[in-house]
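Enquirer: what shape does this take:
(2 chains)
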Amino acid sequence: MGIFDYFRSPPSKSAALAKERLQIIVAHERGSRRSSPDYLPVLKKELLEVVRKYVPIDQSQVKVHLDREGDCEILELNITLPDEEQRLGQR
Amino acid sequence: MATVIVVTSGKGGVGKTTTSASFATGLAQRGYRTAVIDFDVGLRNLDLIMGCERRVVYDFINVINNEANLNQALIRDKRVENLYILPASQTRDKEALTKEGVEKILHELKQSFDYIVCDSPAGIERGALMSLYFADEALVVTNPEVSSVRDSDRILGILASRSRRAEQGDEPVKEHLVLARYAPERADRGDMLGVDDVLEILGISLLGVIPESPTVLQSSNAGVPVILEEGSDAGAAYSDLVDRFLGKDLPHRFLVTQKKGFLKRLFGGN
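Expert: Numbering: from 1, shown residues only, chains lettered A, B, ... in the order given. Sure, this is the predicted structure:
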């Protein structure tokens, strides 16, 4: 910093602008990283209805989980069927 | 049991290799057996920064492909005891860097080393992903600049979702921030993001602040890790960083503007 710097225009405070922009973009990108596709709840509900045509199950017995591996997405579906006694009892 | 530490950033040119070289050298200086691995297949540079480029015979990929054993490929540092360098391959294609191959080498290194430092390439391609996959801890090197901070956040997301610890549901990779090329006088003037700004955005703990320093370039010219330049700001900052990593509670230095003399202020110069 030399003597002429004292006559320069006042500082721009661009760092504050950088921080604000970063906070917005980082929050946005973190959000999109974590969220699962919006069709997942509906998919789960419809799957439940199909299975119910044949086996009596409730909401908690269907688990739908979406995972990412590289460019590939894996949809994991886990349906717990009630054991034989329960089913016979309900008939 | 050995600890695997990845030095990563997403963005290139922020000081990953400089940090890997100095961090590994510092650990070895303090008596820990340390190996530092260059994961930048095709663009190796750690050898140059460590000053051992003319002693490279075999490399990382040779060992993965069983063309050489680990002892043949590891280069023993001439200045610091307990320090070994495993250079990246300069020519082969990146597909050779397999998860199984990397796992095999890390497993073998873990038998005889205390710390294994993985120098990640820039980007989020295979080399970068492989360098962080097996990590127990991560040094995220960031510059106080928008693109670097954003990329660091991206890398933090990858550490949290695609490391082996994340996949197996183990305790997450321990993340440390290394803020490099910091110029306190510019931050004071409001022209550069401050330490607190970066910490607030990234939300991880601060391991060290490395001041912008001409010594970093000078020591890379000479092939000497900057931590060995004990009189320099950057060297002292890396030395503190290593001590903090090993559990010492040291205050952060180089965060405030150095007072300049009257003549220096009048006529400029650093």
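
Enquirer: every contact and neighbour count from this point should use C-alpha atoms.
Expert: OK.

Enquirer: could you pull up phi and psi at the residue nearest to A:Gln59 when sequence neighbours are not counted?
Expert: Excluding the flanking residues, the one nearest A:Gln59 by Cα to Cα, 6 or more residues apart in numbering or on different chains is A:Leu48, at 6.9 Å. Dihedral angles of A:Leu48 (phi, psi; degrees, to the nearest 10) stand at phi -60, psi -40.

Enquirer: A:Leu48 touches A:Val62, doesn't it?
Expert: Yes: if you go by Cα atoms under 8 Å, A:Leu48 and A:Val62 touch, sitting 6.9 Å apart.

Enquirer: who's more crowded, those two?
Expert: A:Leu48 (21 against 18; other Cα atoms under 10 Å in any protein chain shown).

Enquirer: measure B:Gly12 to B:Tyr182 for me?
Expert: Remark: distance between B:Gly12 and B:Tyr182 (Cα to Cα, to the nearest Å) = 16 Å.

Enquirer: which residues touch B:Met192?
Expert: A:14-15, B:144-145, B:183, B:186 (Cα atoms under 8 Å, 6 or more residues apart in numbering or on different chains).

Enquirer: of the residues you listed, which belong to helices?
Expert: Judged by DSSP state H, the contacts of B:Met192 include A:14-15, B:186 as members of helices.

Enquirer: want to throw the residues you listed into JSON lines with pLDDT?
Expert: Compiled in JSON lines, these are given as follows (pLDDT from 0 to 100):
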{"residue": "A:Ser14", "pLDDT": "93"}
{"residue": "A:Ala15", "pLDDT": "94"}
{"residue": "B:Arg186", "pLDDT": "94"}
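
Enquirer: narrow those residues to those that are buried.
Expert: A:Ala15 (16 or more other Cα atoms under 10 Å in any protein chain shown).

Enquirer: which one among the ones in helices among the contacts of B:Met192 gets closest to B:Thr98?
Expert: A:Ala15 (41.5 Å; Cα to Cα).

Enquirer: show me what the closest residue to B:Val209 other than its chain neighbours is bridged to.
Expert: Distances taken as Cα to Cα, 6+ apart put B:Leu179 closest to B:Val209, at 4.7 Å, once the chain neighbours are dropped. Beta bridges link B:Leu179 to B:Thr142, B:Val209 when assigned by DSSP bridges.

Enquirer: got the contact list for B:Leu179?
Expert: With Cα under 8 Å, 6+ apart, B:Leu179 has these contacts: B:141-144, B:195, B:206, B:208-210.
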